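Undergrad: Need the 3D shape of this:
(2 chains)
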Amino acid sequence: MSVKISVQNLTLMYSDGVESLHDVSIDIIANAVNVLFGPAGGGKSTLLRALNRLNDLADVDTAQGKIVFNEQNILDPATDVIELRRKVGMVFSRPAPLPLSVYENVIYGLRLMGERSKTLLDERVEQSLRQAVLWDEVYDRLNDPGASLSGGQQQRLCIARVLALEPEVIMLDEPTSALDPVSTAKIEGMLAELKERLTIILVPHNVQQAARTADYAGFFLQGRLVEYAPEKGLFLKPREKETQDYVTGRFG
Amino acid sequence: MENSEAARISRRNALLGVNLLRLITLLTALPVIGVIVYIIVRGAPALSWEFISAMPREGMRAGGILPAIMGTFYLTLGTAVFSVPLGVAAGIYIAEYAPDNRATRLVRIAIINLAGIPSVVYGLFGLGLFVLFLKFGTSILAASLTLSIMTLPVIISTTEEALRQVPNAFRVVSTSLGATRWQTIQRITLPQAMPGVITGVILGLERAAGETAPIMFTGAAFFLPLLPQSPLDATMALPYHIFVISTSVPGMPVEIQYGTVLVLLFFVLGMNVIATLIRNRARARRQW
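TA: Just a heads-up that it's a prediction; the model follows:
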């Protein structure tokens, strides 16, 4: 097991001075499903948005700490954030296809890089949609608007869109919260395959999903990482009382 | 019994209320329709191919109004050339780049107030700056620039507003896929805001096309025997021509006055129709 991203003593503040992450240290393990779970407002999404510097768009300041990815502290102002975001892709909780066709949604990131080769783009569209288990459903309507797909299909389109950039890490923030059980199962099944080739960080939308998918799991509560362990350890034998209360459904 | 009686009365009152609102709406539309119908009825007899394609004759009391039509066309075009790029760019900057601080708020307030300045003030400002100081003389150039300044606030605020209506999720998603801010604007935000931007542009230009005060000191001429040959020539223009033939030409046939008004009305309404068509087409393609 190797560490893909190492978060070291990270403290983040909103610009109004409210702390959203407090002294969090966590190693994201390569080629595994790393689950970050816990009640809402625990800082999971803020952490995800720190890992690809999407927090740059919001009023978040880094107070202290480091995030080391490929031997580089990505919080360093000199970081090439565009490059970083291509390597650390993100899927949001609400499916948000861009107002473009299915085809153009998938290759959006490649177009931004200036890719023009029709052959390469066509290949990448098919490959990404197959990986996202969507190809069979949309191969004959690639020119339809992305928004014309069903909710579950839209979310897989958003995953395909990230995969098209061949990222090293893919982060999913409650990707199935708006989806039906069948679509959820498809996405969870897909994650198990994807981790052969890349690193997955998943914020699940409930404890059951955390237990089903996790290779490693971290429990977040009010901006702190309470406990971090391989899946079985954390769900069968929580060390901390707060974790135990949450996984057994006493709060959350 | 009691109950159904109450229900009947409340239904009757609701119906009464809705009909009252209908009546009021009709009353507000009535003057507009009245003006248009009256102008069409009085002006239509003057319309002919000669009227819109020939030069005026007999001290403008006969012949056509071609120079005024062409002049308004040139002025509108000139205004578009200056105000559209500037206004859209400023709108983009304010909506997408400008930090939310005191300076930005000051600029926004200035723009809003710019929209409230009486048009004759723009005319005098244009006279001072473009005609005299920059020595453009009384010309299409000076008048277009003056009209541009008047049009800018409309274009800036509608552009800004249209951009703000584009859901923020698109910006976040686009950024997360490695887009720079400009790429996001270019590929997602601006195309999505286009219907609103176009509406603002045409509304602004429409107002410019119909204005008299800003051009009377800066570019409009009482009468010219020739069509303008360069942007530095003065020009006749429909609104100013209407002003002239209704106040300063004795023995002016009334049909020509109404006919000229009708042509200006068509010009402006035509732009309005184009704006509506573009907007509806773009809206049909929008996906949120």
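Undergrad: Between the two ends of stretch B:244-262, how far is it?
TA: 16 Å (Cα to Cα, to the nearest Å).
Undergrad: what residues does that stretch touch?
TA: B:39-40, B:42-47, B:51, B:59-62, B:65, B:68, B:222-223, B:238, B:241-242 (Cβ atoms under 8 Å, 6 or more residues apart in numbering or on different chains). Every C-beta, even on glycine, is put in place using the N, C-alpha and C of the backbone.
Undergrad: avg pLDDT for that stretch?
TA: Per-residue pLDDT over stretch B:244-262 has a mean of 88.
Undergrad: Next, the buried residues of that stretch.
TA: B:244-245, B:249, B:252, B:255-262 (16 or more other Cβ atoms under 10 Å in any protein chain shown).
Undergrad: now do stretch A:194-208
TA: A:194-195, A:198-205, A:207.
Undergrad: The closest residue to A:Q131 other than its chain neighbours: neighbour count?
TA: Distance criterion Cβ to Cβ, 6 or more residues apart in numbering or on different chains; nearest residue to A:Q131, sequence neighbours excluded, is A:L163 at 5.2 Å. For A:L163, the neighbour count with other Cβ atoms under 10 Å in any protein chain shown is 25.
Undergrad: what sits against the spatially most central residue of chain B?
TA: Of all residues in chain B, the one closest to the mean position by Cα atoms, centre = their mean is B:E206, 2.4 Å from it. Taking Cβ under 8 Å, 6+ apart, we find B:E206 in contact with B:268, B:271-272, B:275.
Undergrad: Just to be sure, which of the residues you listed are found in helices?
TA: Using DSSP state H, the subset of the contacts of B:E206 located in helices is B:268, B:271-272, B:275.
Undergrad: what distance separates the start and the end of stretch A:50-61?
TA: End to end - Cα to Cα - stretch A:50-61 spans 10 Å.
Undergrad: That one: which residues count as buried?
TA: Neighbour counts over stretch A:50-61 (16+ other Cβ under 10 Å) mark A:50-55, A:60 as buried.
Undergrad: circling back: could you single out the nearest of the buried residues of stretch A:194-208 to chain B?
TA: The nearest member of the buried residues of stretch A:194-208 to chain B, counting by Cβ to the nearest Cβ, is A:I201 at 13.6 Å.
Undergrad: quick one: that closest one is in a helix?
TA: No: read with DSSP: H, G, I helix; E, B strand; the rest coil, A:I201 is strand and lies in no helix.
Undergrad: Do I have it right that it meets A:P175?
TA: No: the criterion here is Cβ atoms under 8 Å, and A:I201 misses it with A:P175 at 11.1 Å.
Undergrad: For chain A, what lies in contact range of chain B?
TA: A:52, A:54, A:57, A:82-83, A:85-86, A:89-90, A:92, A:94, A:96-99, A:108-109, A:111-113, A:145-147, A:158, A:161-162, A:165 (Cβ under 8 Å from any Cβ of the partner chain).
Undergrad: Contact partners for B:P225?
TA: Contacts of B:P225 by Cβ under 8 Å, 6+ apart are B:M55.
Undergrad: Give me the distance between it and chain A.
TA: 54 Å (Cβ to the nearest Cβ, to the nearest Å).
Undergrad: B:I92 now?
TA: For B:I92, the distance to chain A - Cβ to the nearest Cβ - is 17 Å.
Undergrad: Do you know the pLDDT at that residue?
TA: Looking at B:I92, its pLDDT reads 96.
Undergrad: hang on, it in a helix?
TA: Yes: under three-state DSSP, B:I92 sits within a helix.
Undergrad: who's in contact with B:T79?
TA: B:144, B:147-148, B:151, B:205, B:208.
Undergrad: quick one: which of those sit in helices?
TA: Using DSSP H, the contacts of B:T79 in helices are B:144, B:147-148, B:151, B:205, B:208.
Undergrad: State the helix or strand in which B:G137 lies.
TA: Here B:G137, judged by DSSP states H and E, is contained in no helix and no strand.
Undergrad: follow-up on the earlier one: so which of the buried residues of stretch A:50-61 are in helices?
TA: A:50-51.
Undergrad: so can I have CSV of the buried residues of stretch A:50-61 showing distance to B:I156 and pLDDT?
TA: As requested, the buried residues of stretch A:50-61 are exported to CSV (distance: Cβ to Cβ, whole Å; pLDDT from 0 to 100):
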residue, distance to B:I156, pLDDT
A:A50, 35, 91
A:L51, 38, 93
A:N52, 34, 92
A:R53, 31, 91
A:L54, 29, 90
A:N55, 30, 85
A:V60, 30, 73
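Undergrad: now the helices: where do they sit in chain B?
TA: B:2-43, B:49-53, B:66-92, B:102-114, B:119-126, B:140-164, B:168-176, B:181-184, B:190-210, B:213-216, B:238-247, B:254-285.
Undergrad: what's the lowest-mean-pLDDT helix or strand in chain B packed up against?
TA: Least confident helix or strand, chain B: strand B:62-63 with a mean of 80, by mean pLDDT, DSSP states H and E. Judged by 3 or more Cβ pairs under 8 Å, 6 or more residues apart in numbering or on different chains; DSSP states H and E, strand B:62-63 is in contact with strand B:56-57.
Undergrad: What values do phi and psi take at A:R53?
TA: Note on A:R53: backbone dihedrals following degrees, to the nearest 10 are phi 60, psi 30.
Undergrad: show me what contacts A:V60?
TA: By Cβ under 8 Å, 6+ apart, the contact set of A:V60 is A:12-15, A:20, A:46, A:49-50.
Undergrad: Can you pull out the low-pLDDT segments for chain B?
TA: For chain B, the stretches with pLDDT under 70 are B:1-2, B:285-288.
Undergrad: which of the residues of chain A next to chain B count as buried?
TA: Buried among these by 16+ other Cβ under 10 Å: A:52, A:54, A:82, A:85-86, A:89-90, A:92, A:96-99, A:108-109, A:111-112, A:145-147, A:158, A:161-162, A:165.
Undergrad: What about those residues, which are in strands?
TA: Using DSSP state E, the subset of these located in strands is A:89-90.
Undergrad: how close does A:M13 sit to chain B?
TA: For A:M13 relative to chain B (Cβ to the nearest Cβ), the value is 18 Å.
Undergrad: So that residue, which state does it fall into?
TA: Strictly by three-state DSSP, A:M13 counts as strand.
Undergrad: Who is it paired with across the strands?
TA: Counting by DSSP bridges, A:M13 forms beta bridges with A:E19, A:D61.
Undergrad: What count of nearby residues applies to it?
TA: 17.
Undergrad: what's near enough to touch A:Q222?
TA: A:41-43.
Undergrad: And the helices in the stretch 101-250 of chain A, which stretches?
TA: A:102-106, A:108-112, A:118-131, A:135-138, A:151-163, A:181-194, A:207-213, A:231-236, A:241-247 (DSSP state H, counting those that start in this stretch).
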